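A.B. asks: output the structure for:
(one chain, ligands or ions: 2)
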Amino acid sequence: MTEPTLEVSSLLTVRDVERLARTMLPKSTVDYFRSGSDAEYTRRANRGAFRKWAIAYRVLVDVSRVDTRVRVLGQELASPILIAPTAYHRLAHPEGERATARAAGGSGTLYVASTLATTSLEDIAATYDAAGASAGGASVGGASRWFQLYVHKDRGLTRSLVERAEASGYGALVVTVDTPVLGRRLRDVRNAFGLPDGMHMANLFAPGDGIEAKDPAFRHAQIAARHDASFTWHDLASIRAWTRMPLVLKGIVRADDALRARDSGVAGIIVSNHGGRQLDSAVATLDALPSVVEALGAQAGVDVLLDGGVRWGTDVFKALALGARAVLVGRPIVWGLTAFGEAGVARVLDILRSELVHAMTLAGCPAIDAVTRDMLVRR
Ligand SMILES: Cc1cc2nc3c(=O)[nH]c(=O)nc-3n(C[C@H](O)[C@H](O)[C@H](O)COP(=O)(O)O)c2cc1C
Ligand SMILES: CCCCC(=O)C(=O)O
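C.D. replies: Ligands and ions are numbered 1, 2, ... in the order given. This is a model prediction of the structure:
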């Protein structure tokens with residue numbers, strides 16, 4: 001074991017960032033960020049699925065310039081690496097989501113803000129836009145930040161979240177569909193995990209008058225009991241009627257659900273199993289991706305994104321080769337935030353982006369549209 005490194009520049013891989021961050025947090029927080037549900041088969045399977053593919057690289061291609069630009073929901077992004085929605089950033093760092101938003105806005109990276117943020121969605125939006133403006137306007141206009149919605153039993157609450165997101169200029173509404181109830185994360189149960197005093201779910205409760213304040217025994221495990229487990233495809237229409245934001249469904253792993261999503265008029269889907277934190281033994285996302293992409297076909301009009309276990313630039317390459325338009329990363333962002341706040345998030349994004357450029361260069365793919373299915377062989 002080497003000593004933890006302390007310079008942001010000495011962190012060379014996402015693995016380095018995670019290793020450092022885990023020494024800096026209380027055990028119950030590390031457990032919450034890191035865990036999958038039950039036996040954690042799916043959390044591990046997400047990683048394992050990337051190892052099953054190898055890159056059959058191409059030679060003697062002009063790779064003196066490599067272009068990672070992609071279009072997602074009609075918008076041009078500098079890179080296909082996006083920030084997945086994760087809860088409770090103030091557990092990682094005192095500046096919480098503001099630091100994440102500054103790193104994302106400053107680099108023009110698409111950031112999906114969580115319903116369960118510890119900073120209000122209005123504050124995240126303003127912070128993101130200010131960082132984008134001072135970095136030269138790369139991400140001004142709000143389209144590069146999306147809002148993730150948990151559908152609550154309290155329809156008034158759900159609707160007000162949607163309306164607040166629209167009023168704050170979020171570019172899309174990401175409806176998470178894999179969490180009708182909370183997955184059983186054994187460590188969180190054993191730790192009776194909950195937010196410490198002074199931190200709250202800023203979009204759901206006002207400080208001081210929140211349910212956490214009224215009920216000292218309120219724990220994270222109870223939050224999903226407020227989710228609407230009766231929500232179906234049919235109810236999606238009501239959300240569409242509330243907003244003009246394009247919809248993205250997060251948590252799809254089946255071809256028939258992808259087709260149903262398309263027929264419901266969504267603009268995108270995220271092939272995701274919540275980082276292995278919901279149904280354990282769920283199919284790994286990279287394994288699910290080809291059937292989803294094939295079912296939708298080339299002219300689908302639905303952008304397919306993927307998350308789960310992306311830790312290296314070569315993982316991004318593989319997901320794109322199997323048909324994803326872009327990928328999202330969850331835990332690596334939280335580890336970066338823990339380690340160095342805004343600079344740590346920026347470092348993680350930088351590591352993954354430069355690894356992707358390196359992989360594309362060595363694989364003979366000067367642009368994203370060259371990263372095609374034939375670049376991979378099964379190990
Ligand atoms: C600590 C943590 C909190 C999360 N919170 C949310 C959330 O609030 N909403 C949501 O849709 N997904 C949430 N997710 C799932 C992520 O959006 C994403 O699907 C997953 O983390 C991707 O896998 P990765 O962590 O291996 O990159 C969370 C994941 C983690 C690890
Ligand atoms: C109700 C979901 C809790 C936040 C979350 O998505 C997670 O911890 O994975």
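
A.B. asks: contact residues of this structure facing ligand 1?
C.D. replies: Within the chain, the positions near ligand 1 by C-beta under 6 Å from any ligand atom are 33, 46, 84-87, 114, 116, 148, 176, 250, 272, 274-275, 277, 307-310, 329-331, 334. C-beta: built from backbone N, CA, C; applies to glycine.

A.B. asks: give me the buried subset of those residues.
C.D. replies: For those, a burial check counting by 16 or more other C-beta atoms under 10 Å picks out 33, 46, 84-87, 114, 116, 148, 176, 250, 272, 274-275, 277, 307-310, 329-331, 334.

A.B. asks: quick one: name whatever helix or strand follows the helix or strand in which S28 is found.
C.D. replies: Taking DSSP states H and E as the definition, S28 sits inside helix 27-34. Downstream of helix 27-34, the next assigned helix or strand under DSSP H and E is helix 41-51.

A.B. asks: how about residues contacting that following helix?
C.D. replies: 35-37, 273, 275-277, 279-287, 308-312, 314-315, 318, 379 (C-beta atoms under 8 Å, 6 or more residues apart in numbering).

A.B. asks: do that again at 7 Å, thanks
C.D. replies: Residues from elsewhere that reach helix 41-51, judged by C-beta atoms under 7 Å, 6 or more residues apart in numbering: 36, 273, 275-276, 280-282, 284-287, 308-309, 315, 318.

A.B. asks: how about the contacts made by the residue of the stretch 201-350 of the chain found nearest ligand 1?
C.D. replies: Nearest residue of the stretch 201-350 of the chain to ligand 1 (C-beta to the nearest ligand atom) works out as G330 at 2.2 Å. Neighbouring residues of G330 by C-beta under 7 Å, 6+ apart: A84, T86, G275, D307.

A.B. asks: show the pLDDT at it.
C.D. replies: We have a pLDDT of 98 for G330.

A.B. asks: look up how far A172 lies from it.
C.D. replies: Look at G330 and A172: by C-beta to C-beta, to the nearest Å, they are 18 Å apart.

A.B. asks: what's the offset of stretch 239-254 from the middle of its chain?
C.D. replies: Chain-centre distance of stretch 239-254: 15 Å, with C-alpha atoms, centre = their mean, to the nearest Å.

A.B. asks: quick one: buried residues of that stretch?
C.D. replies: 239-240, 242-243, 245-253.

A.B. asks: next one: stretch 17-30 to chain centre, how far?
C.D. replies: The answer for stretch 17-30 is 19 Å, by C-alpha atoms, centre = their mean.

A.B. asks: how about the strands in the chain?
C.D. replies: With DSSP state E as the criterion, the chain has strands at 53-55, 70-72, 75-77, 81-83, 111-113, 145-149, 173-176, 247-252, 268-271, 303-307, 326-329, 376-378.

A.B. asks: low-confidence ranges, the stretch 51-200 of the chain, go.
C.D. replies: For the stretch 51-200 of the chain, the stretches flagged by pLDDT under 70 are 137-143.

A.B. asks: get me the contact residues on it for ligand 2.
C.D. replies: Near ligand 2, when you scan the stretch 51-200 of the chain using C-beta under 6 Å from any ligand atom, you find A87, L116, T179, L182.

A.B. asks: and those, which is closest to V302?
C.D. replies: For those, the residue nearest V302 by C-beta to C-beta is T179; the value is 21.3 Å.

A.B. asks: how about the contacts made by that closest one?
C.D. replies: Y150, A224, H227, H274, Q278 are the contacts of T179 under C-beta under 7 Å, 6+ apart.

A.B. asks: count of residues packed around the closest residue to the third one other than its chain neighbours?
C.D. replies: It stands for H227. Leaving aside its sequence neighbours, H227 sits nearest to Y150 (C-beta to C-beta, 6 or more residues apart in numbering; 5.7 Å). Neighbour count of Y150, defined by other C-beta atoms under 10 Å: 23.

A.B. asks: re the thing from before, now render the residues of the stretch 51-200 of the chain next to ligand 2 as a markdown table, adding distance to H93.
C.D. replies: Shown next, in a markdown table, are these (distance: C-beta to C-beta, whole Å):
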| residue | distance to H93 |
| --- | --- |
| A87 | 14 |
| L116 | 16 |
| T179 | 25 |
| L182 | 24 |
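
A.B. asks: how much space between the closest residue to the residue of the stretch 201-350 of the chain closest to ligand 1 other than its chain neighbours and A224?
C.D. replies: Once flanking residues are discounted, G330 sits nearest to A84: 4.0 Å by C-beta to C-beta, 6+ apart. In this view, A84 and A224 are 18 Å apart by C-beta to C-beta.

A.B. asks: got it, and A241?
C.D. replies: 25 Å.

A.B. asks: any low-confidence regions in the stretch 201-350 of the chain?
C.D. replies: 206-218.

A.B. asks: if you set the cut-off to 50 instead, what comes out?
C.D. replies: Counting by pLDDT under 50, the stretch 201-350 of the chain contains low-confidence ranges at 213, 216.

A.B. asks: so which bits of it are right by ligand 2?
C.D. replies: Residues of the stretch 201-350 of the chain lying near ligand 2 by C-beta under 6 Å from any ligand atom: I223, A224, H274, R277.

A.B. asks: if we use 5 Å, what do you get?
C.D. replies: Counting by C-beta under 5 Å from any ligand atom, the stretch 201-350 of the chain comes close to ligand 2 at I223, A224, R277.
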